[in-house]
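Asker: starting from these lines, generate the structure:
(2 chains)
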Amino acid sequence: MRVASWNINGVKARIEALVDWLGRAQPDVACLQEIKSVDEGFPAAPIEALGYNVATVGQKGFNGVAILAKRPFEVTERALPGDPDDAQARYIEAVVPGEDGRAVRIGNLYLPNGNPIGTDKFAYKLAWMARLAAHARGLLALEEPVVLAGDYNVIPEPRDAKRPEAWVGDALFQPESRGAFAALAHLGYTDALRAVTDAAGLYTFWDYQAGAFQKDDGIRIDHLMLSPQAADRLVSVRIDRAVRAGDKPSDHVPIIAELA
DNA sequence: ATGGTTGGTAGCCAA
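Answerer: Alright, predicted model coming up:
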């Protein structure tokens, strides 16, 4: 089963690129973030025409997540548990059947950016990460294959940035952010990319500004975190870097894992 | 150190 995550930065601005990429990459499951659309505005028709089932948790203008899967699936969460007052559309979870009937639980998350540090936005990010850890811990008790996929807005380590020194004052690289991400690994989740390579220079995001992509001035902030039962089935991981060089690209590119 | 770019919405915000 191929599982992908892609912060698409506006699904309506990207629908052509999305259809093109789905046709080439052929993921069984695609988790999208920053769809920037309400549910009714999501352009489902061209995606369904490719054979995908679609579920969205949208909001007007900002945020928003979607799960696309070739097989019909059951949505199990439409928000991250732990704060009923949190109105931001940043989480959707589903159980997706595999070809052999073995299901994989997919949590699709758009973690708060948190900038600037020292504001309520950074506090919201850390509170959101605490809720994520609590939910992730609960999922482990199910002893199922679980993939927590998404834009984590966390640079885990210096080797995950071309210029780590440029990010020291940024919410994405704060010790608290990195520590909360590392805590997921300590719970028992595996960073899929790091399970297959120790290489530096593997990025999923390049800013639109100042020719960042041309300079390869990127960061790795889109991650696939695997429960032990999912990690046992991990075959390969790749970052679809070429998408960033395409027409009207998102500032993020897809990351795709193959599970046996 | 600053400014650079994009999407969605509305007369700027978030990234």
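Asker: which residues of the stretch 51-200 of chain A lie near DNA strand B?
Answerer: With CB under 7 Å from any atom of the strand as the criterion, the stretch 51-200 of chain A comes near DNA strand B at residues A:60-63, A:112-113, A:115, A:121. In this view, the C-beta of every residue, glycine as well, is placed from N, C-alpha and C.
Asker: how about the residue of the stretch 51-200 of chain A found nearest DNA strand B, secondary structure?
Answerer: In the stretch 51-200 of chain A, the residue found nearest to DNA strand B is residue A:61; the distance is 3.4 Å by CB to the nearest atom of the strand. Using DSSP: H, G, I helix; E, B strand; the rest coil, the structure places residue A:61 in coil.
Asker: got a list of what the closest residue to it other than its chain neighbours touches?
Answerer: Residue nearest to residue A:61 in three dimensions, not counting chain neighbours: residue A:36, with 6.3 Å by CB to CB, 6 or more residues apart in numbering. If a contact means CB atoms under 8 Å, 6 or more residues apart in numbering, then residue A:36 has A:9-12, A:61-64 as its contacts.
Asker: can you tell me the element residue A:36 falls in?
Answerer: Counting by DSSP states H and E, residue A:36 is held by no secondary-structure element, helix or strand.
Asker: surely residue A:32 is in a strand?
Answerer: Yes. Using three-state DSSP, the secondary structure at residue A:32 is a strand.
Asker: and the helix or strand encompassing residue A:20 with DNA strand B, contact?
Answerer: Here residue A:20, judged by DSSP H and E, is contained in helix A:11-25. Yes. Helix A:11-25 lies within reach of DNA strand B by CB under 7 Å from any atom of the strand, at A:11-13.
Asker: helices or strands next to that helix in the packing?
Answerer: Secondary-structure packing of helix A:11-25 (3 or more CB pairs under 8 Å, 6 or more residues apart in numbering; DSSP states H and E): strand A:2-7, strand A:29-33, helix A:45-48.
Asker: buried stuff in that helix?
Answerer: Neighbour-count burial for helix A:11-25 flags A:11, A:14-15, A:17-18, A:21-22, A:25 (criterion: 16 or more other CB atoms under 10 Å).
Asker: list the residues that contact the residue in chain A positioned nearest to DNA strand B.
Answerer: Shortest chain A-to-DNA strand B distance, computed as CB to the nearest atom of the strand: residue-wise this is residue A:10, at 2.3 Å. Residue A:10 makes contact with A:34-37, A:250, according to CB under 8 Å, 6+ apart.
Asker: try residue A:91
Answerer: Taking CB under 8 Å, 6+ apart, we find residue A:91 in contact with A:57, A:65, A:77-80, A:107-110.
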